Each structure stands twice: as C-alpha cells, then as structure tokens.
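> Quick one: sequence and predicted model below, then my questions.
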There are 2 protein chains.
Amino acid sequence: MFQKILLAYDGSVGSDRALEKATELALLTGGELAVLTVYRHHAMLEASISMVRGKLDPGGNLDETMKTTARETADHAKTRAKAAGVRKVTASIKAGPPARTIVSVAREKGVDLIVVGSRGLGSAEGFLLGSVSHKVTGLADCPVLVV
Amino acid sequence: MFQKILLAYDGSVGSDRALEKATELALLTGGELAVLTVYRHHAMLEASISMVRGKLDPGGNLDETMKTTARETADHAKTRAKAAGVRKVTASIKAGPPARTIVSVAREKGVDLIVVGSRGLGSAEGFLLGSVSHKVTGLADCPVLVV
C-alpha cells in the first residue's frame, strides 16, 4: 500500500503539513515520494497580474520567474523528504490548472496515493469555496490524503 | 502518526474500499480503529420516505430498523478489521447528518485521521455534487483520507 506517493507541494503552510505526513507515510510503507509543484502560465494569470505586471514582470519573463520559483519550491520539499530518510524522492514541476494537473500527473505516474494540503479552515467555508484539495478528491481515481 | 483512525462506514462499495485502506493503515501504524456508521433519524427522512412509508414502516419502527441496520453495518466492518489483525477496533453508530456527525465524532474521540470512501466517480461530478467525503474534508480539523 502507498508505494508511490504523489505530494502536491506549493510551499504553503498546508502543503508543509502535507509534506510531513507524506514523508512519514513513505517512511512507514517504504514507498517512494514524487513531489509535484504546479505553477500557472503567464497567460492564465494575465487578468489577475495585469495591475502589478510592471513591477513583477519588467522584462516579460514572468513565465521564467514562476518556473524558477516552482523548481525551487519542489526541490525544497525533496530535500526535506530526503533528509528525513525517504528512500526515493523525485521533484517535478508542471504548468497548468492545479487540481487537474495534479490528477493528470498522478495518472501518468501511476501513483497509489495523492497527498495535498487543505486550507485548514476547518469550517464549511473550505467546502463552499471549493479549494484545490476538494477538486483533487473529486477528480482523482486513487486515494487522496487531505492534510 | 495515525494512532487513532476513524473510519466512516456505511456498507457501500466506496466505504468497503475505505475499510481496506483503514485496516492496512492501522496495521502499519499499530494504531486503533474506530468504526462509525451514521444513520438518519426518521424525521430527517420523512420527505423522501413518505411515498413508501406504508411498505417500509408498517409499525412506525423505521427509527429502530435504521438503528439496527446501522449497528449491523458497523459491526460487520469491525469484524473484518479484527479478522485482519488490527489490535483494537471499536464500532459505534450515531444518528445525524453524515458529514457533520463524522467530523464531530472525530473531534470527540480525538482521532488523528478520518478515512472515508469516495463515490468513486473520478470526475468533476463528484466535486460538483458535493458528496459526504467532500464535506468531511472541508469540515475536519485532522487529516482525511478519501479512498
């Protein structure tokens, strides 16, 4: 059980908790851990970023900046899991809509567990607002641990 | 990790898968398993049952029938988990709205993991329709494994 665990990691507090649980689980099952950081393409952010683009993207390199940040984020989680003793850890990044990308990578990799952080609201709000973790549990065809 | 696991079990195919995973996890962590079957009170079902009440509830004992069925359902899961070797298994039943009841029992018992079955739709439908598992992940303040 849980020999291939996919951890969706974005560096948030919730995903840090997810990293801890995914690490403990991988140590317990002897399984391998695949860290995935999803980022969004420039075009997908245009609407929300346009107001601050002058500041964030002076050279038109927002895509590159986001990619670099995603890479650093994924590598950070990988380093921590390896330091904790997980036998095999990989880190990858992918651009796209978070939930669908996580589920599609899970399918590609044939993992048997996805671990995602919740927003930790502990209230109906989390449900009503429809977070990434909710979408992942709705879309995935393997067990999902929401931490 | 996962020393007290609450399994929400209603006898459905999804909850059978959840039972399997919860059992494996409890064996792995050495933790204990609390099986919970939630049922609905008569009053909560009146609207939906009224058309068939004559058949289902000839003596006005629907509450008792549901309670008995819930007890049998919970005990069935307990028997299977014990047979698999889980060191401590309890089975309880409670009337109420499923998701809120599961989360409130989880708090009372101080569990560190809730395991619930998904409806296994593997599509956006599961998310859009808002199943019990989605509500539980939104309301719980401990990790939730959706199987």
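Now that the structure is in, tell me what you want to look at. Residues are numbered from 1 along each chain as shown, chains lettered A, B, ... in the order given.
> Which residues are in contact with the closest residue to A:Asp16 other than its chain neighbours?
Once flanking residues are discounted, A:Asp16 sits nearest to A:Gly117: 7.3 Å by CB to CB, 6 or more residues apart in numbering or on different chains. Placement of C-beta: from N, CA and C, glycine included. Going by CB atoms under 8 Å, 6 or more residues apart in numbering or on different chains, A:Gly117 touches A:8, A:10, A:12-18, A:133, A:146-147.
> go again using 6 Å as the cut-off
Applying CB atoms under 6 Å, 6 or more residues apart in numbering or on different chains, we find A:Gly117 in contact with A:14-15, A:17-18, A:147.
> Quick check: what element follows the lowest-mean-pLDDT helix or strand in chain A along the chain?
Least confident helix or strand of chain A, by mean pLDDT, DSSP states H and E, is helix A:124-129 with a mean of 48. Using DSSP states H and E, the helix or strand that follows helix A:124-129 in sequence is helix A:132-139.
> and for that following helix, what are the contacting residues?
Against helix A:132-139 from outside (CB under 6 Å, 6+ apart): A:98-99, A:102-103, A:116, A:118, A:144, A:146, B:126-127, B:134, B:146.
> Kindly export that helix (C-alpha atoms) in PDB.
What follows is helix A:132-139, C-alpha atoms only, in PDB (Å, rounded to 0.1, in the frame of the first residue of the first chain):
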ATOM      1  CA  VAL A 132      -7.700  22.600  -4.800                       C
ATOM      2  CA  SER A 133      -7.900  19.700  -2.400                       C
ATOM      3  CA  HIS A 134     -11.600  19.400  -2.900                       C
ATOM      4  CA  LYS A 135     -11.200  19.300  -6.600                       C
ATOM      5  CA  VAL A 136      -8.400  16.800  -6.400                       C
ATOM      6  CA  THR A 137     -10.500  14.400  -4.300                       C
ATOM      7  CA  GLY A 138     -13.300  14.800  -6.800                       C
ATOM      8  CA  LEU A 139     -11.200  14.100  -9.800                       C
END
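> how far off helix B:132-139 does that helix point, in degrees?
Interaxial angle of helix A:132-139 relative to helix B:132-139 (axes from the mean of the first three to the mean of the last three CA atoms, to 10 degrees): 170 degrees.
> picking up where we left off before, so which of the contacts of helix A:132-139 are in strands?
Among the contacts of helix A:132-139, the residues falling in strands (DSSP state E) are A:116, A:144, A:146, B:146.
> Quick check, the second one in contact with A:Ile114.
Yes. Counting by CB atoms under 6 Å, A:Val144 does reach A:Ile114; the two are 4.7 Å apart.
> any residues in contact with both of these two?
Between them, A:Val144 and A:Ile114 share no contacting residue, judged by CB under 6 Å, 6+ apart.
> which one's the longest helix in chain A?
helix A:62-84 (DSSP state H).
> Residues touching stretch A:20-38, excluding its own?
A:2-9, A:70, A:73-74, A:77-78, A:81, A:84-86, A:88-94, A:98, A:101, A:105, A:109, A:115, A:147, B:1, B:28.
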